[in-house]
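[1] Mind folding the following:
(2 chains)
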2 protein chains.
Amino acid sequence: MQIEYDGTDFSGWQFQPEARTVQGDIETVLEKLCNRRIAISGSGRTDAGVHALGQVAHADIRIDELERVKTGLPAMLPDDIAVTEVQEVDSSFHARFQAVSRLYRYRIEKFKHPLMNRYCHTFALERELHTADMQRAASLSLGKNDWMSMAKEGSGNSDWIVNVISADVMEDKSGWTFLIRANRFLRGMVRIWAGTLVSIGSGSAPPGIITELLETKNREKAGVSLPGKGLTLMEVKYN
Amino acid sequence: MQIEYDGTDFSGWQFQPEARTVQGDIETVLEKLCNRRIAISGSGRTDAGVHALGQVAHADIRIDELERVKTGLPAMLPDDIAVTEVQEVDSSFHARFQAVSRLYRYRIEKFKHPLMNRYCHTFALERELHTADMQRAASLSLGKNDWMSMAKEGSGNSDWIVNVISADVMEDKSGWTFLIRANRFLRGMVRIWAGTLVSIGSGSAPPGIITELLETKNREKAGVSLPGKGLTLMEVKYN
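    Purely as a prediction, here's the structure:
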């Protein structure tokens, strides 16, 4: 299934017994439709406040339940989650393990815009960022590297190797969009990377700090993590 | 002052003692800044749930208060209101009486999109609308006419003459945008007009129903009023 959600009122993707989560809401509807508990597997977890336009998840259901799920699931979800497509896949399909890449967007607005406020980070005080420096830093992010220095601590990983396939910074009249595609993402990675780009754009660090972070694996030189609300999972690709 | 707001959590623009309103929130901040009650006048009222990207209001303040208001007002408002510009105007300026036109947008999405849900109307069931018929109906809306049949009843008006300067219907991949510019708007007018266009687009009424409504002033043939959340005040023009 293809899923869109406004992450504002969720404690993230992953099921938690005591909190509202996207996975939890979808599983609740599936249980109503099929009269049994059905677990879904997402392509990856998103943190609290993070949005999705192209999340993908799979579930093992019986063939006789498919029509009910196809019509019932999109209709019974709350306003802030939409299942935009349900399709039958091969039983070997796994939304997480078979994804070859994910694309994330981070959006920064120069000025406060109430109609976009939930979906972007806005500077408290007006700031100009140097776009060319951030673009240079984005290009230094490409390739296979150890991203430990830009992952959240204590995420229980033993392998921090990430292959960044594309990374772009675009400026428009009202702000900046950062786009990054990689084979996988570590916890907190895009938000810390975006915070590091902002440090670079503000002149607090040179573009080369990206290379240094990837080489030295030293978290202390990374930028601060930007708020989750500016981040959106745009697309998950499969072969 | 130029104002943007997300109308979702407001009982409309106009001050009400017991409800949260945009005017009320701005006046509360002005009172904190100037230590006295200052009333603001908007270019027009917007209903509960209706948004604005280009609302305009004026207030009479002392010249020594101007700097404090210019910096304090944008900074002290809640997330869902932004004052994007404060400028000194001639004392004869009146945001409502001197406005020569207002532009409203009504947005309909074909499918549920959680990240746009607050700012559009979405059909509960998928529907196709016939765009050319709606465009024809929009063109029949132009000019000076009596809009009593498409205004909310009991709005206490005695004059329903409105000069519609432009009216357009645009279709894109994900839905329809209706744009209407007029010298003034009657209460509920855009939402009833949009509802009438949807009746026409669905084939329940011919485009000529617009002319009939404007000529006969018969409310019974108008479409239903669409939800406020799809409506945004885009711009107010002055000479």
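
[2] list the buried ones in stretch A:52-64?
    A:Ala52, A:Leu53, A:Gly54, A:Gln55, A:Val56, A:Ala57, A:His58, A:Ala59, A:Ile61 (16 or more other Cβ atoms under 10 Å in any protein chain shown). Just so you know, the C-beta spots here come from the backbone N, C-alpha and C atoms, and that holds for glycine as well.

[3] Using JSON lines, lay out those residues together with pLDDT, secondary structure and distance to B:Pro206.
    Putting these into JSON lines (pLDDT from 0 to 100; DSSP: H, G, I helix; E, B strand; the rest coil; distance: Cβ to Cβ, whole Å) gives the following:
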{"residue": "A:Ala52", "pLDDT": "98", "secondary structure": "strand", "distance to B:Pro206": "42"}
{"residue": "A:Leu53", "pLDDT": "97", "secondary structure": "strand", "distance to B:Pro206": "38"}
{"residue": "A:Gly54", "pLDDT": "97", "secondary structure": "strand", "distance to B:Pro206": "41"}
{"residue": "A:Gln55", "pLDDT": "98", "secondary structure": "strand", "distance to B:Pro206": "43"}
{"residue": "A:Val56", "pLDDT": "98", "secondary structure": "strand", "distance to B:Pro206": "44"}
{"residue": "A:Ala57", "pLDDT": "98", "secondary structure": "strand", "distance to B:Pro206": "45"}
{"residue": "A:His58", "pLDDT": "98", "secondary structure": "strand", "distance to B:Pro206": "48"}
{"residue": "A:Ala59", "pLDDT": "97", "secondary structure": "strand", "distance to B:Pro206": "47"}
{"residue": "A:Ile61", "pLDDT": "96", "secondary structure": "coil", "distance to B:Pro206": "46"}
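
[4] of those residues, list those near chain B.
    Residues of those in contact with chain B (Cβ under 8 Å from any Cβ of the partner chain): A:Leu53.

[5] I'd like the buried residues of stretch A:52-64 laid out as JSON lines, including distance to A:Gly156.
    Putting these into JSON lines (distance: Cβ to Cβ, whole Å) gives the following:
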{"residue": "A:Ala52", "distance to A:Gly156": "23"}
{"residue": "A:Leu53", "distance to A:Gly156": "28"}
{"residue": "A:Gly54", "distance to A:Gly156": "26"}
{"residue": "A:Gln55", "distance to A:Gly156": "22"}
{"residue": "A:Val56", "distance to A:Gly156": "23"}
{"residue": "A:Ala57", "distance to A:Gly156": "22"}
{"residue": "A:His58", "distance to A:Gly156": "24"}
{"residue": "A:Ala59", "distance to A:Gly156": "25"}
{"residue": "A:Ile61", "distance to A:Gly156": "30"}
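
[6] Report the two of the buried residues of stretch A:52-64 separated the most.
    A:Leu53 and A:Ile61 (24.3 Å; Cβ to Cβ).

[7] Let's verify the residue of chain A positioned farthest from its centre: helix, strand, or coil?
    Largest separation from the mean C-alpha position in chain A: A:Asp64, at 33.1 Å (Cα atoms, centre = their mean). Put simply, A:Asp64 is helix when judged by DSSP: H, G, I helix; E, B strand; the rest coil.

[8] Tell me which residues touch A:Phe123, please.
    A:Ile108, A:Lys110 (Cβ atoms under 8 Å, 6 or more residues apart in numbering or on different chains).

[9] With chain B as the reference, measure out to it.
    12 Å (Cβ to the nearest Cβ, to the nearest Å).

[10] same deal with A:Met76?
    12 Å.

[11] wait, that residue sits on A:Leu30?
    No. Applying Cβ atoms under 8 Å as the test, A:Met76 and A:Leu30 come out as separate, 9.4 Å apart.

[12] how about the helices of chain A, start to end?
    Assigned by DSSP state H, the helices in chain A fall at A:22-34, A:66-76, A:131-139, A:189-201, A:209-216.

[13] neighbouring contacts of the first one?
    Helix A:22-34 is contacted from outside by A:3, A:5, A:7, A:10, A:12-16, A:37-40, A:42, A:46, A:52, A:55, A:57, A:59, A:61-62, A:65, A:68-69, A:72-73, A:76-78, A:81, A:83, using Cβ under 8 Å, 6+ apart.

[14] any idea of the angle it forms with helix A:66-76?
    130 degrees (axes from the mean of the first three to the mean of the last three Cα atoms, to 10 degrees).

[15] Helix A:22-34: which residues count as buried?
    A:Val22, A:Gln23, A:Gly24, A:Asp25, A:Ile26, A:Glu27, A:Val29, A:Leu30, A:Leu33, A:Cys34.

[16] which one is the second one nearest to, not counting chain neighbours?
    Think A:Gln23. What sits nearest to A:Gln23 in space, not counting adjacent residues and going by Cβ to Cβ, 6 or more residues apart in numbering or on different chains, is A:Phe15, at 4.5 Å.

[17] Next, the contact list for that neighbour, please.
    A:Thr21, A:Gln23, A:Gly24, A:Glu27.

[18] The closest residue to A:Thr131 other than its chain neighbours bridge partners, please.
    Using Cβ to Cβ, 6+ apart and skipping residues adjacent in sequence, the residue nearest A:Thr131 is A:Glu171, 4.4 Å away. Beta bridges link A:Glu171 to A:Trp176, judged by DSSP bridges.

[19] And A:Glu171, how far from A:His121?
    15 Å (Cβ to Cβ, to the nearest Å).

[20] more neighbours, those two?
    Counting neighbours by other Cβ atoms under 10 Å in any protein chain shown for A:Glu171 and for A:His121 shows that A:His121 has the greater number, 21 against 17.

[21] Count the neighbours of the closest residue to that one other than its chain neighbours for me.
    In this structure, A:His121 finds its nearest non-sequential neighbour in A:Gly230, 3.6 Å apart by Cβ to Cβ, 6+ apart. By other Cβ under 10 Å, the residues close to A:Gly230 number 25.

[22] check contacts around A:Gly230.
    A:Tyr106, A:Arg107, A:Ile108, A:Tyr119, A:Cys120, A:His121, A:Arg191, A:Ala194.

[23] Burial check on A:Leu66, number of neighbours?
    13.

[24] cool, the one 4 residues further on as well?
    The number of residues packed near A:Lys70 is 15, by other Cβ under 10 Å.

[25] State the distance from it to A:Val83.
    9 Å.

[26] Same check on A:Ser149?
    In terms of Cβ to Cβ, A:Ser149 sits 37 Å off from A:Val83.
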